[in-house]
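Peer 1: Output the structure for:
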Amino acid sequence: MATSEYQVTGMTCGHCEMSVREEVSEIDGVQNIQVSAQTGKLVVDSTDEIDDAAVLAAVEEAGYTAVRSA
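Peer 2: All right, here's what the predicted structure looks like:
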């Protein structure tokens with residue numbers, strides 16, 4: 001299992017979290033998603049390493065911006 005962390009900007013509520021979770025869940029291999037509007041943190045667990053570009057594109061599709069956390 002691989003874990004990737006991102007910092008998402010623009011989320012303010014539970015609906016924002018749901019939108020991000022919905023888009024990211026469509027990426028192949030994603031097993032678990034933790035997202036918090038309060039901290040802006042997005043943690044994605046996947047079967048294999050996933051492409052950061054796919055996650056960033058999914059977050060953008062939901063209407064927000066993200067960067068990979070160090």
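
Peer 1: dump the residue contacts of the most centrally placed residue in the chain.
Peer 2: Here the mean C-alpha position of the chain is nearest to the C-alpha of Leu42 (CA atoms, centre = their mean), at a distance of 4.7 Å. With contact taken as CB atoms under 8 Å, 6 or more residues apart in numbering, Leu42 is in contact with 5-8, 20, 24, 33-36, 55, 59, 66. Just so you know, the C-beta spots here come from the backbone N, C-alpha and C atoms, and that holds for glycine as well.

Peer 1: Most neighbours among those residues, which one?
Peer 2: For those, neighbours were counted using other CB atoms under 10 Å, and Val20 has the most, 27 neighbours in all.

Peer 1: State the three-state secondary structure for Val43.
Peer 2: The three-state label given to Val43 by DSSP: H, G, I helix; E, B strand; the rest coil is strand.

Peer 1: and the gap between the residue nearest to Thr65 when sequence neighbours are not counted and Val20?
Peer 2: For Thr65, ignoring the flanking residues on the chain, the nearest one in space by CB to CB, 6 or more residues apart in numbering is Thr9 at 5.2 Å. The gap separating Thr9 from Val20 is 11 Å, by CB to CB, to the nearest Å.

Peer 1: Repeat that for Ala66.
Peer 2: From Ala66 across to Val20, the span is 8 Å (CB to CB).
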